Every structure is written in C-alpha cells, then in structure tokens.
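Peer 1: I would like to see how this sequence folds:
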Amino acid sequence: MINLFISAIVFGTVILYGAMGEILTEKSGNLNLGVPGIMYLGGIAGLAVAFGYEMSTPNPIPIVALLLSFVAAFAAAALGGLLYSFLTITLRANQNVTGLTLTIFGSGVANFFGGALNNMAGGVGQISVAITSGAYRSSLPWAANLGWFGQIFLNHGFMVYLALVLAVLMHFFFTRSRMGLNLRAVGENPATADAAGINVTRYKYLATCVGAGISGLGGLYYTMDYIKGTWASEGTIEALGWLAVALVIFAVWRSLNAIWGSYLFGFLTWLYFYVPQIRALLISAFHLSDDALQFMVLTRSTQELFKMLPYLVTILVLIVVSLRKKRENQPPASLGLAYFREER
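Peer 2: A predicted model of the protein is given here:
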C-alpha cells in the first residue's frame, strides 16, 4: 500500500506541472490543448541535452547536468508555447485546432529524436544519463529513517517539492500581485483590460509561454525521475498530459486545488494495479468472504473500468460545478476566444 501512495505522488507531480502551466495559460484567456505535446518537448529536450553533456564530458558534474537539462526542457516547452501564441494571438487561428496540432507535433518531434537517441546509444532502452537522473532522484538523506512517513512524503527528488512551491506561489500571484490581477482581467474581459491600459497581447504571450515552460517540466520529471533518464514511446506522457488538462477543470482553475487533485488523479491512475492487495487486506481485516468482494477481482474489463476512474471523477466534478453555477468556479469568460482590438 505504501507503494501505491508513492506512485500517486510521482504520477501526481507529472500531472501537477502540466496543470499549473495550463492554469496560468487559461487565466489569460488562451485554451491550449497542446499540453501533452509540450510535455513531450520538455522531456525530450532535457534528455537530449543531458545525453549530449554526459557523452562529451569525461567527468560530468551532476549539478551542471541538472541545470542544463532543466533549462533546456523549460526553453523547449516555452518555444512550443511561443509557436502556439503566434498562431492564436497574432494570427488568431482557432485555439482548439492549434492546441491539438501542437500535441501531434510535439509527440512526433519527441519520438523522432527519442528514436535517434536510442540508435546513438546502441538500441532501444540503451540511453543512459545516470548522473543527471541521479541528481534529479536524490532524496533527503534522513528520509529512510522516518518509516512509512519518510518513504511516502520525503523520499523524492527536488522536483516534487518544487511543484508544491510553484503551486503556492501561483496562488499568491493570482490573488495578491498586480500582474496576477491584470492577467485575470485579461482573461475575463480583454477589451476592458485594454481600455484600462493593460497590454493584452504582452500578457497573453507571457502567460502562454511561461505556462508552457512549466508544463514542460512535467515531461522532464517523468523522463528523468520516473523512468530514470531514458526514453519510452509508449504514450504515457500523452496520457498524463490529457489528465493535466482534465485536472484544470477539476481544480476549478485554482493552483492549490491542483495539488491534492493531482495526487488523487495519481492514486486513481494506479489503483487498479494494487486492487488485489487491497482486496486481500480487506478480507483479512474485516473477515469478509471472497464472494463479498467479487467485484474487486480484476479481469480485462474491470481493469479498464478502474483506469476510467480519474476521468469519471472529473466528469462528476464538472457536473457539480455546472449545477452550482458559482461564478468563482467558472472558467475565464474569454477562454478560447480570440481578441480583436478593432471590435472593442
């Protein structure tokens, strides 16, 4: 069971980065459905730079490898956001179509270069950036001495805690800073914000590019921490990217809600894998019969039902939020709409 909570935090952190970046983007009124592709770009850029550095340096320095890959991942993802911004803000292309295209583009580019790196390393799964990956996965030295609490909450790399800090800072940015309030005004009514002297285009560009950079860190974390510095093209990053988009709705566009929501999504994503253990635990603890928990016997069909849980929870939350109709729980009023200054 401890492994289930550890998996929830690891997968939840990937989702949390993607969701925070998209929350920042959507607060400006831009709906970027290219989050999975942007996470791909961040993951492959960080891996490629780390691979190049370790291969070209006899004695790689862990902190240098970490900084190079971190900056590369953020920059590559931000460039993806810049491309999206140019198409949707400057050229006023349809945001939904552009975002979906960016997802396809990002996954294609990442898997192309991931395959090239595999070939350079000698075959699939042969990429080794052990020094860089080890720097990302280094945990607190005394975490193992704190029992189950240390294993679940403290035995993680720094990016888990960086995600929590970013979520808190983002909350204060939106609620306490002048720039944050201006950004929210742009997302709610860009015409009014423009009339008040706020540079709508600049805010939209900055929010989208920085938001994309943050989302890209989710792909970097998955690549460097979860799969330990290699490349896999099985589509997990894309699946987690779509969960990040769903989490934005689940969290009602609040970064603090995204923290517990992401861990819940991570828990539900991996729950099916631990159902047999949970079933055995319930039988031994409450002396239940096998027939009473027959629904927890995993078959091909029930396993797929368990995998649906994160999305079913999101749909349920969306229904509840829609029925309650609280204004503070609704998306920005201009979300997904291009701004035409001439029509102000």
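
Peer 1: could you list every residue that touches the nearest residue to residue 246 once chain neighbours are set aside?
Peer 2: Of all residues not flanking residue 246 in the chain, residue 314 sits nearest, at 4.4 Å (CB to CB, 6 or more residues apart in numbering). (Glycine included, C-beta is placed from N, CA and C.) Contact partners of residue 314, counting by CB atoms under 8 Å, 6 or more residues apart in numbering, are 246-247, 249-250.

Peer 1: Likewise for residue 31?
Peer 2: Residues in contact with residue 31 (CB under 8 Å, 6+ apart) are 25, 95-96, 99, 335-336.

Peer 1: Quick check: closest non-adjacent residue to it.
Peer 2: Nearest to residue 31 is residue 336, by CB to CB, 6+ apart, at 4.0 Å.

Peer 1: if I read this right, that neighbour contacts residue 95, doesn't it?
Peer 2: Yes - between residue 336 and residue 95 there is a contact under CB atoms under 8 Å: 5.2 Å.

Peer 1: neighbour-wise, which of those two wins?
Peer 2: residue 95 (22 against 17; other CB atoms under 10 Å).

Peer 1: one step back: mind checking which of the contacts of residue 31 land in helices?
Peer 2: Using DSSP state H, 25, 95-96, 99 are the members of these that sit in helices.

Peer 1: if we take those, which one ends up nearest to residue 141?
Peer 2: residue 25 (37.2 Å; CB to CB).

Peer 1: For residue 260, give me its contacts.
Peer 2: Per CB under 8 Å, 6+ apart, neighbours of residue 260: none.

Peer 1: So residue 31, which state does it fall into?
Peer 2: Following DSSP: H, G, I helix; E, B strand; the rest coil, the label given to residue 31 is coil.

Peer 1: Same check on the one 10 residues further on?
Peer 2: Following three-state DSSP, we place residue 41 in the helix state.

Peer 1: List of residues touching the helix or strand hosting residue 164?
Peer 2: Using DSSP states H and E, residue 164 maps to helix 158-176. Helix 158-176 is contacted from outside by 9-10, 13, 16-17, 20, 23-24, 27, 136, 138, 179-181, 183-184, 214, 217, 220-221, 225, 254-256, 258-259, using CB under 8 Å, 6+ apart.
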